[in-house]
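S.K.: Fold the following.
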Amino acid sequence: MTQSFELPVDKRRNVLDPVPELLEISARTPLFRPPGGMPHWIVTDREVVRQILADAERFSSMPPPEQDGRKPDPHPGSLLQTDGAEHSRLRRLVAPMFTVRQMQKLEPMMVRIVAERLDLLERAGRPADLMRHFARPVSGLTLAAILGLPRDDLPELSRLGDHRASGHSSRRHSAASEYVGHFRKLVTAQRRDPGDGLAGMLIREHGDAVSDEELAGLCESIANGSIENTAETIALGTLALLCHPEQLTLLRERPELMDRAVEELMRYVSVVAAVSPRTALEDVEIGGEVIKAGEVVSCSVFTANRCPYSDGVADGLDIAREPANHLALGHGIHFCLGAALARLQLRVAFTGLLERFPGLRLGVEVEELRYRSLAPQFGVETLPVVW
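M.R.: Got it, this is the predicted structure:
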């Protein structure tokens with residue numbers, strides 16, 4: 001199902017593939033000026049995207065000016081909207097919680113969560129919504145344990161996430177404000193009685209060196225990226241496999257390919273269509289164009305991951321491919337802090353799902369699916385499955 005043409009061309013998809021217009025543009029030029037003025041440039045070429053994301057000296061991650069020229073304030077604690085020393089300081093605070101070794105300690109908990117949710121998915125009857133009963137709860141429950149967030153808070157966060165994907169701008173802004181407010185309440189509670197999660201750990205180890213606003217911003221940005229990104233990747237990754245039965249069969253026959261499959265599915269679905277905008281701090285000649293100081297650049301991760309060649313054909317799904325340096329987890333100093341967490345969650349989720357339901361298939365026609373095109377993370381509203 002092709003998305004509405006009111007969307008920018010780099011946000012449109014034909015189910016999981018780039019639309020023909022985007023393929024044509026990508027084949028002609030590595031970056032182009034979209035109509036409408038903001039952003040000033042959209043970058044589609046993989047290597048040019050890498051160069052920009054790796055160049056923190058000439059491209060800033062601070063929020064770009066509004067359409068009327070006003071310069072918004074960055075959200076305190078946001079890892080995505082800070083540069084230089086401030087970004088390094090914030091990242092150092094939370095990085096110890098997200099090492100590969102720390103994630104390995106969490107694997108037994110993740111396996112239990114996946115098994116519990118698969119039980120509930122099975123009891124829901126056929127067709128069952130994979131998003132509602134599996135993808136969102138698996139990512140949400142895992143993140144709740146890491147942050148020290150009460151499980152009872154997850155339905156409200158899910159509701160706010162739905163509103164942020166709404167077509168109504170006022171509803172999106174209101175939901176975004178409430179979402180951050182939710183984590184302010186968490187931090188207030190943790191200041192009184194620090195728990196075992198990330199918020200409690202930061203309070204115990206750093207005390208007043210990190211403000212409540214920074215703590216709330218850190219928790220909000222980690223939750224936003226982890227819950228939504230992982231949930232949508234589980235759902236769209238499952239959809240991709242179901243739409244490519246030869247790949248699904250291969251994965252069932254060769255389960256040792258799961259780690260490669262996880263990397264390939266992250267690349268293929270690229271739920272984050274574009275990373276947070278970059279603003280040029282000086283004139284930069286790149287990709288055959290000059291980006292002027294002050295111009296805003298949107299790096300299309302989806303296009304870079306799916307249109308790496310100039311033959312006019314979208315790059316297909318191949319779970320046996322040698323893992324490539326895809327951009328689904330970002331690049332440069334803003335490379336995903338939770339990369340090890342995402343990989344582990346996806347491996348555990350896909351392994352459990354495919355083992356439990358060897359006859360898994362879509363419960364509706366692909367053309368009937370509806371997508372979250374306006375959300376920060378591209379995804380599917382519901383994913384009915386049968387087995």
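S.K.: How about the backbone phi and psi for residue 83?
M.R.: With angles defined as degrees, to the nearest 10, residue 83 sits at phi -120, psi 170.
S.K.: Now do the same for residue 42: helix, strand or coil?
M.R.: Assigned with DSSP: H, G, I helix; E, B strand; the rest coil, residue 42 falls in the strand class.
S.K.: For it, which residues are in contact?
M.R.: When contacts are counted by Cβ atoms under 8 Å, 6 or more residues apart in numbering, residue 42 touches 8-10, 31-34, 274, 297-298, 300. No exception for glycine: its C-beta is placed from N, CA and C like everyone else's.
S.K.: from what I can see residue 315 touches residue 306, true?
M.R.: Yes - at 5.3 Å, residue 315 and residue 306 qualify as touching, with contact defined as Cβ atoms under 8 Å.
S.K.: list the residues that contact both of those two?
M.R.: Joint contacts of residue 315 and residue 306 (Cβ under 8 Å, 6+ apart) are residue 268.
S.K.: Among the two, which residue is more densely surrounded?
M.R.: Higher neighbour count among residue 315 and residue 306: residue 306, with 25 against 17, using other Cβ atoms under 10 Å.
S.K.: What distance do you get for that one to residue 329?
M.R.: 15 Å (Cβ to Cβ, to the nearest Å).
S.K.: residue ranges with poor pLDDT in the stretch 51-200 of the chain?
M.R.: 65-74, 164-172 (pLDDT under 70).
S.K.: Tell me where it has strands.
M.R.: 59-60, 128-129 (DSSP state E, counting those that start in this stretch).
S.K.: possible to save those strands as CSV with mean neighbour count?
M.R.: Output for the strands of the stretch 51-200 of the chain, formatted as CSV (neighbours: other Cβ atoms under 10 Å):
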stretch, mean neighbour count
strand 59-60, 21
strand 128-129, 20
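S.K.: quick one: which of these is nearest residue 210?
M.R.: Nearest of these to residue 210, taken as Cβ to Cβ: strand 59-60 at 22.9 Å.
S.K.: Does residue 83 touch residue 58 like I think?
M.R.: No - judged on Cβ under 8 Å, residue 83 makes no contact with residue 58 at a distance of 11.1 Å.
S.K.: Now, of the contacts of residue 42, which are buried?
M.R.: Buried subset of the contacts of residue 42 (neighbour count, 16 or more other Cβ atoms under 10 Å): 8-10, 31-32, 274, 297-298, 300.
S.K.: ok, residue 222 - contacts?
M.R.: 79, 94, 143, 147, 198, 337-338.
S.K.: quick one: it is in a helix?
M.R.: Yes - applying three-state DSSP, one finds residue 222 inside a helix.
S.K.: can you tell me the helix or strand for the residue sitting nearest the centre point of the chain?
M.R.: Central residue of the chain (Cα atoms, centre = their mean): residue 229, 3.2 Å from the mean position. Element membership for residue 229, per DSSP states H and E: helix 229-243.
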